[in-house]
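[1] Here is the input, now give the coordinates:
(one chain, ligands or ions: 3)
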Amino acid sequence: MDGEGPPTPRLLDEGAAVAVPLAGGERRFHAIWLRDNAPASRTAAGQKLVTLLDIPAETRIAQATWQGGVLRVVFHPDGAAAEFEPDWLAANTYDRPPAAPPPGWTGPEIERWDAARAAGLPVARYGSLRQDPAALRAFLADVRRFGLARLADLPVTPGAIEDLVTLFGYVRETNYGRVFDVRAEVEPGNLAYTELGLQAHTDNPYRDPPPSLQVLACLANSVDGGESVVVDGFAVVERLVAEDPRGLSLLSARCARFEYAAEAGVRLRAKAPLVELGPDGELLAVRFNNRSAAPIVDTPFDEMADYYAAYRRFAALIEDPALAFRFKLAPGEAFIVDNRRVLHGRTAFSSGGGRWLQGCYADRDGLLSTLRALEGD
Ligand code: OGA
Ligand code: NM2
Ligand code: ZN
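    Ligands and ions are numbered 1, 2, ... in the order given. Prediction:
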């Protein structure tokens, strides 16, 4: 004990690590980790100045003591010293019992939804988003939590969608343009530009990476049909795992292929699993787009029949009316989806030019950054 302070940290394994008593209990930290995270090796803006190769490979802790409420560590062999706030150490601990959540898990910031829950989500007013940071924050937080947010009162003007994206991030320009018109065309290069219904899908899985956000805004929708449908792909995966864990392991372990080549000068191709898991089984993304599916050739012969059975079940769950939320966009209404998570589609509509949407891609990182800044995080 150092006088009145908390118990003295204990050196472990000849200084390779230290066990630090913190408010939540004792937490171990490696010498190399502490040295790599020493506050003084960053600029005032938080950017790291020192690379790992600048740190001696044989770094050990020579001494660790509390001084004035902070942990002071002296390193061997060069005698460098660094100080760590206990709150910072507690917030950045990696000394936890290994969690073994089931594959397909998601963190606390994600809430899965079904059709009934989606119907109850708020519809934001565009004017409020522009004027009231709290309203913008709530809207963006819904995108993070549900992968979906709806909006009304957007000006019924071509290009208004771009101003909407500017509120939180950056337009992702593609071969379809910064903003694209979705309406029936005479020689459609994409089934989007017809009156056909579109099975719920994620957009552009033939890109690497696919755009992680899509906004669709309505300028006209006086047709019969032409309803929008959205489905939480993470809820679909949850159902699939509950029924058939092996189905999930097949869809996540083997790559599907996608391509789009209907325009002169465009040959987009990508391969990725239909369900993407992180190395620790965290559910990261789904990709599902029948229009752009290329032959699946990365699943071995002996697994293909089971793979297709899981793929079919995935497709059937997407159609389940309990999961798929349907609504009809009116002029001035829009929605945003997390294109890594939420599938969208539409029902067929009567011909005659009465339906006109504009779409725009953007990315989640910009949205989440704006949201954290609004949250003061
Ligand atoms: C698309 C699309 C939806 C719609 O173009 O990819 O999903 O409502 N369109 O037309
Ligand atoms: N459009 C509408 O991923 C897709 O091909 C969906 C995208 C053409 C930009 C259609
Ligand atoms: Zn689409």
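
[2] quick one, what contacts the residue of the stretch 251-377 of the chain found nearest ligand 1?
    Closest contact between the stretch 251-377 of the chain and ligand 1, by CB to the nearest ligand atom, is at residue 346 (3.4 Å). (Each C-beta comes from the backbone N, C-alpha and C, glycine too.) Counting by CB atoms under 8 Å, 6 or more residues apart in numbering, residue 346 makes contact with 197, 198, 226, 227, 228, 229.

[3] What pLDDT is listed against it?
    Per-residue confidence (pLDDT) for residue 346: 97.

[4] Output the set of residues of the stretch 251-377 of the chain in proximity to ligand 1.
    For the stretch 251-377 of the chain, the contact set with ligand 1 under CB under 6 Å from any ligand atom comprises 344, 345, 346, 357.

[5] still on that earlier bit, and the residue of the stretch 251-377 of the chain closest to ligand 1, what are its bridge partners?
    Beta bridges link residue 346 to residue 198, residue 228, judged by DSSP bridges.

[6] separation between it and residue 100?
    In this view, residue 346 and residue 100 are 40 Å apart by CB to CB, to the nearest Å.

[7] ok, now residue 185?
    Distance from residue 185 to residue 100, counting by CB to CB: 51 Å.

[8] Comparing the two, which residue is more hemmed in?
    The neighbour comparison of residue 185 against residue 100 (other CB atoms under 10 Å) goes to residue 185, with 12 against 9.

[9] quick one, longest helix in this protein?
    Assignment by DSSP state H gives helix 301-319 as the longest helix of the chain.

[10] Not counting its own residues, what contacts it?
    Under CB under 8 Å, 6+ apart, the answer for helix 301-319 is 199-200, 231, 233, 236, 239-240, 243-244, 246-248, 250-251, 254, 274-275, 288, 290, 296, 299, 323-324, 343.

[11] For it, C-alpha coordinates in PDB please.
    Extracted in PDB, the C-alpha atoms of helix 301-319 (Å, rounded to 0.1, in the frame of the first residue of the first chain):
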ATOM      1  CA  PHE A 301     -19.600 -30.000 -54.200                       C
ATOM      2  CA  ASP A 302     -20.300 -31.900 -51.000                       C
ATOM      3  CA  GLU A 303     -21.700 -28.800 -49.300                       C
ATOM      4  CA  MET A 304     -23.600 -27.200 -52.200                       C
ATOM      5  CA  ALA A 305     -27.000 -28.900 -51.600                       C
ATOM      6  CA  ASP A 306     -27.000 -27.800 -47.900                       C
ATOM      7  CA  TYR A 307     -25.700 -24.400 -48.900                       C
ATOM      8  CA  TYR A 308     -28.700 -24.000 -51.300                       C
ATOM      9  CA  ALA A 309     -31.100 -25.200 -48.600                       C
ATOM     10  CA  ALA A 310     -29.800 -22.500 -46.200                       C
ATOM     11  CA  TYR A 311     -29.900 -19.900 -49.000                       C
ATOM     12  CA  ARG A 312     -33.500 -20.800 -49.800                       C
ATOM     13  CA  ARG A 313     -34.400 -20.600 -46.100                       C
ATOM     14  CA  PHE A 314     -32.800 -17.200 -45.900                       C
ATOM     15  CA  ALA A 315     -34.800 -16.000 -48.900                       C
ATOM     16  CA  ALA A 316     -38.000 -17.400 -47.400                       C
ATOM     17  CA  LEU A 317     -37.500 -15.700 -44.100                       C
ATOM     18  CA  ILE A 318     -37.000 -12.400 -46.000                       C
ATOM     19  CA  GLU A 319     -40.500 -12.800 -47.400                       C
END
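
[12] Give me the next element, helix or strand, following it.
    Sequence order places strand 325-327 as the next helix or strand after helix 301-319, per DSSP states H and E.

[13] Can you list the strands that the following helix or strand past that following strand pairs with?
    Reading on from strand 325-327 to the C-terminus, the next helix or strand found by DSSP H and E is strand 334-338. In the sheet, strand 334-338 lines up against strand 148-152 (antiparallel), strand 213-221 (antiparallel) (DSSP bridges).

[14] close to ligand 1, is the first one?
    Okay, so that is strand 148-152. No: Strand 148-152 lies apart from ligand 1 when judged by CB under 6 Å from any ligand atom; the minimum separation is 13.5 Å.

[15] Mind listing what's buried along the helix or strand just after that strand?
    On the C-terminal side of strand 148-152, the nearest following helix or strand under DSSP H and E is helix 160-166. Neighbour-count burial for helix 160-166, counted by 16 or more other CB atoms under 10 Å, picks out 160, 161, 162, 164, 165.

[16] Stretch 74-88 too?
    75, 76, 80, 82, 84, 86.

[17] Dump the residues you listed to TSV, plus pLDDT.
    Below are the buried residues of stretch 74-88 laid out as TSV (pLDDT from 0 to 100):
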residue	pLDDT
75	98
76	98
80	96
82	97
84	98
86	97
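
[18] Most widely separated two among these?
    Maximum pairwise distance in these, criterion CB to CB, is 22.8 Å, between 76 and 86.

[19] Please save the CA atoms from stretch 56-66 in CSV.
    Extracted C-alpha coordinates of stretch 56-66, given in CSV (Å, rounded to 0.1, in the frame of the first residue of the first chain):
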residue,chain,number,x,y,z
PRO,A,56,12.1,-2.1,-27.6
ALA,A,57,10.8,-5.6,-28.2
GLU,A,58,12.0,-6.6,-24.7
THR,A,59,10.0,-3.9,-23.0
ARG,A,60,9.2,-4.9,-19.4
ILE,A,61,7.7,-3.0,-16.5
ALA,A,62,10.5,-2.1,-14.0
GLN,A,63,8.2,-0.3,-11.6
ALA,A,64,4.5,0.5,-11.2
THR,A,65,3.3,2.8,-8.5
TRP,A,66,0.4,5.1,-7.7
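
[20] Residue in the stretch 201-350 of the chain with the shortest distance to ligand 2?
    For the stretch 201-350 of the chain, CB to the nearest ligand atom, closest residue to ligand 2: residue 203, 3.8 Å.
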